[in-house]
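[1] sequence isn't available, so here's the structure alone:
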């Protein structure tokens, strides 16, 4: 067990796709002795980088799933969460950020800050994750660390400060100058494992002096002691480190490191900076909610002697069986202990506890607050909180957006039929934004998620990991229905078929919810027992029965309020069943008069590209019935925020690429439901009525 | 079509009592206020007045983010919709959003050439703006040529251009020298002053109107709309 919490670093490596973060992770694991050979991404040597554990990721050279790995550097325990970079997987990024204390923001030395870096950076800001930056790929032609640092300041509003200067650039990139120790550092040995310190080359001396001065100017803002020491020309290395750390922790400063992971340069210095400047669990305040005290907010103490509180943030089903990655926020956990899942209230015995290193595992006996470890064979979902029996605490739930797109899938052969359920079961547990269900009418399996690519990746994974090939239907947009005006009902359900009959009358009205909320609102204003109290829940249930499938276009009904203020019962013939049926009848009868309308999901779309393509980008939005909210111009680039109906977004990536010669990028997330235009309404209505006719035949 | 209900709350009713009943196409107007008194909300009220009459608005800012400005629009619109019991509010809101474009620039980076470029892009995308709002322009460093150019743009577009100016004082007796020197180019100058539970809107200049004594109204400090009576 790690006793000194100040030596733990839970960090993420976050970046734009192709910035080289998988290569960087690989090098970190190599220099810290976790792996003994370096493999390149994309399987040049048929092995693939260690952190890319899934075949699909290897093939595409991207990381989709976060994997946690533990490593040691100069007496510090570094847990690395490798976070995915693509926007369709932002739920994974967000889930990982929740458990991180700090992060390394990897930027490409040529391309600089790209649109995905902005998204990830925004998320980090939201979760208050302090970060240091690593400008990678300085060996590539066109690399310019100064310009990337300016980007960090201008585009991401960081107070970014270069802590190093490059010695040479592009093909001539040799090493780095440390602006604190004022030494030159080179990387020798086959894999750059020997860091050799030399004097700063004479021709770079002046430049280094100036850069040091700039660095000290920025850094001294975070320490009065350092400021005084600089004035008296007696600043020590420790004073500078303390000031950089203070600025980093308060997120007012981003120290910038340089290198080329691929060429084995600069990684060791980045690790030193991680130990020095990124927070330990002791530097971060984490909160949960107290389930025994009306969900009051509770500050959790990184104290191994307090009751256990741990969060399951990642599930994996691999060669060790069902693995659950947890972050312990308070208390400690040992092999053989009993823990409780606070969502299901189920008890589990901890049979085995491990520290994960990408594809291999190390058994441990116990772990404590601040650590990230893996549990084996415990059934739970991502986002569940585990505690011991003495406390009832839940970590605040993570925001899970609604699915906006669905597609029907059909297994192609017998083997696929058998494996599909297994695969879907696992994906649903692992990813809260991915859903699967069987449509009772068509008997088809329908999967839904956050975007086209999101679903494509799961279909691909079914094939590769489970040998389950499926045929996919056309993507379906998740429409909704709502009513647009108040309408009154007075409905009697009456049936007499021998024996005791069924009788229930209800009166009242339906209306759109005034507050714009989506949930169904039921308000009983029955007085004097005209409907006996015990039947009122049945009335509500009767209405709820009808909400799943509206009568306009066959999609769920949202934003409706029902008020029941009148009714009648019969002493013998009334029952729960009769009132439930009365409510269903009332809904059928009143719905058309309340002028139902079809709603379509509208996405928030952010496109970023060079200023000269602004007109072209606006055009792609206008062509898709989009509404432009605004444009933010920065030197050279502009970011256009808009809202566009999801139904118009299929194939957008290709269109945008061709309109902007591949220079623009976009991110997209669900924004809200809005009334669909009349031609779409008409089309959806026709489709629904022809389906009903077909069903009748 | 929504003019009737809007008339009831638009801060621009103040000018109806004045010489020309408003700013008028081709003219420049300036609103001056101390920090945090509500220049953005006021300009949003002016813009919504235009949008609800099916006009198009270009809102340019060097002071806030797109999200921040949009939040102002949403707040003021919702207040209007709620207090006037606007029917079909959601649909009207969508229409209003459609007619408006927000453009944000880094501080001190807006030039009239850039503004003309922006107007061109907006015109191609949706149509020429009938009202342009400019926030965060530094009057101290803006030259007379720039103002002449702005005035020419307003004339070319036959649009109204409203600008905001910051004042270090809460009490504003007369236009500050930086605006005074553009006197002949600016048609209307208004001042916003905090006054207890309301914000006072006063005209410091209304075209060639010599008598400004009547031109003052009280506004709701949250939305900068007229207080309801």
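    Now that the structure is in, tell me what you want to look at. All figures in this text were calculated on a predicted structure; none of them were measured in a lab.

[2] show me the contacts for the residue of the stretch 551-697 of chain A found nearest chain B.
    Using C-beta to the nearest C-beta, the single residue of the stretch 551-697 of chain A nearest to chain B is residue A:630, 3.2 Å away. No exception for glycine: its C-beta is placed from N, CA and C like everyone else's. Shown in contact with residue A:630 (C-beta atoms under 8 Å, 6 or more residues apart in numbering or on different chains): A:640-641, B:59, B:66, B:69-70, B:101-104.

[3] and the gap between it and residue B:58?
    Distance, residue A:630 to residue B:58, using C-beta to C-beta, to the nearest Å: 10 Å.

[4] common neighbours of those two, please.
    In contact with both residue A:630 and residue B:58: B:101, B:103, using C-beta under 8 Å, 6+ apart.

[5] chain B contacts on the stretch 1-150 of chain A?
    Remark: no part of the stretch 1-150 of chain A is in contact with chain B, using C-beta under 8 Å from any C-beta of the partner chain.

[6] in the chain, spot the helix with the most residues.
    With no chain named, the answer covers chain A. If you go by DSSP state H, chain A has its longest helix at helix A:678-696.

[7] oops, chain B please
    Secondary structure of chain B read by DSSP H shows that its longest helix is helix B:66-83.

[8] for residue 102, which residues are in contact?
    If you meant another chain, say so; for now it's chain A. Residue A:102 makes contact with A:9-12, A:129-132, A:248, A:274, A:278-279, according to C-beta under 8 Å, 6+ apart.

[9] wait, chain B was what I had in mind.
    A:629-631, B:59-61, B:66, B:69-70.

[10] and the gap between it and residue B:113?
    Computed as C-beta to C-beta, the residue B:102 to residue B:113 distance reads 20 Å.

[11] ok so, going back, state the mean pLDDT of the longest helix of chain A.
    Taken as a whole, helix A:678-696 has a mean pLDDT of 82.

[12] spatially central residue in chain B, please.
    residue B:43 (3.2 Å; C-alpha atoms, centre = their mean).

[13] quick one: it is in a helix?
    Yes - assignment of residue B:43 by DSSP: H, G, I helix; E, B strand; the rest coil places it within a helix.

[14] from memory it sits against residue B:135, does it?
    Yes - between residue B:43 and residue B:135 there is a contact under C-beta atoms under 8 Å: 6.7 Å.

[15] mind listing the shared neighbours of these two?
    Residues touching both residue B:43 and residue B:135 (C-beta under 8 Å, 6+ apart) are B:59, B:164.

[16] okay, strands next: where are they in the stretch 301-450 of chain A?
    A:309-318, A:321-330, A:332-334, A:338-341, A:346-349, A:353-357, A:360-364, A:366-368, A:372-376, A:385-387, A:393-395, A:405-411, A:435-438, A:445-449 (DSSP state E, counting those that start in this stretch).

[17] likewise for chain B?
    Assigned by DSSP state E, the strands in chain B fall at B:28-33, B:57-61, B:100-104, B:131-135, B:160-166, B:186-195, B:198-206, B:216-219.

[18] now tell me what touches the shortest one from outside.
    Going back to what we said before, that points to strand B:216-219. In contact with strand B:216-219 (C-beta under 8 Å, 6+ apart) are residues B:11, B:13-14, B:38, B:42, B:192, B:195, B:198-203, B:225-227.

[19] in the stretch 51-200 of chain A, where is pLDDT below threshold?
    Scanning the stretch 51-200 of chain A for pLDDT under 70 picks out A:51-67, A:82-96, A:115-119, A:122-123, A:126.

[20] just the closest residue of it to chain B, please.
    residue A:154 (7.8 Å).

[21] spatially nearest residue to that residue (excluding sequence neighbours)?
    residue A:634 (5.7 Å; C-beta to C-beta, 6 or more residues apart in numbering or on different chains).

[22] OK, contacts around the residue nearest to residue A:6 when sequence neighbours are not counted?
    Once flanking residues are discounted, residue A:6 sits nearest to residue A:280: 4.7 Å by C-beta to C-beta, 6+ apart. If a contact means C-beta under 8 Å, 6+ apart, then residue A:280 has A:5-9, A:101, A:370 as its contacts.

[23] my guess is the residue nearest to residue A:154 meets residue B:106, correct?
    Yes - Residue A:634 is within contact range of residue B:106, at 6.3 Å (criterion: C-beta under 8 Å).

[24] out of those two, which sits in the more crowded spot?
    Set residue A:634 next to residue B:106 and count neighbours by other C-beta atoms under 10 Å in any protein chain shown: residue A:634 wins out with 17 against 12.

[25] quick one: end-to-end distance for stretch A:190-209.
    End-to-end span of stretch A:190-209 (C-alpha to C-alpha, to the nearest Å): 32 Å.

[26] in it, what counts as buried?
    For stretch A:190-209, the neighbour count (16 or more other C-beta atoms under 10 Å in any protein chain shown) marks A:192, A:195, A:200, A:204, A:208 as buried.

[27] ok, now stretch B:90-98?
    For stretch B:90-98, the neighbour count (16+ other C-beta under 10 Å) marks B:90, B:92-93, B:96-98 as buried.

[28] for chain A, what are the nearby residues on chain B?
    By the rule C-beta under 8 Å from any C-beta, the part of chain B lying against chain A is B:59, B:65-67, B:69-70, B:88, B:90-91, B:94, B:97-98, B:101-106, B:109, B:114, B:118, B:121, B:124-126.

[29] list only those of the residues you listed flagged as buried.
    B:59, B:66, B:69-70, B:90, B:97-98, B:101-105, B:118, B:121, B:125-126.

[30] and the furthest pair within those residues?
    Farthest pair in those (C-beta to C-beta) is B:90 and B:105. Separation: 31.3 Å.

[31] residue contacts, residue 121?
    I went with chain A, as the question did not name one. A:105, A:131, A:156, A:158.

[32] hmm, no, I was thinking of chain B.
    Per C-beta under 8 Å, 6+ apart, neighbours of residue B:121: A:614-615, A:618.

[33] same thing with residue A:484?
    A:512, A:594-597, B:88.

[34] what's the answer for residue A:151, then?
    Shown in contact with residue A:151 (C-beta under 8 Å, 6+ apart): A:107, A:112-113.

[35] cool, and residue A:247?
    So residue A:247 contacts A:159, A:218-219, A:221-222, A:253 (C-beta under 8 Å, 6+ apart).

[36] out of those residues, which is most surrounded?
    Within those, neighbour counts (other C-beta under 10 Å) peak at residue A:219, which reaches 30 neighbours.

[37] now the strand or helix carrying it: mean pLDDT?
    Assigned by DSSP states H and E, residue A:219 belongs to helix A:205-219. The average of the pLDDT scores along helix A:205-219 is 93.

[38] within reach of chain B, which of the contacts of residue B:121 are there?
    When C-beta under 8 Å from any C-beta is applied, the members of these adjacent to chain B are A:614-615, A:618.
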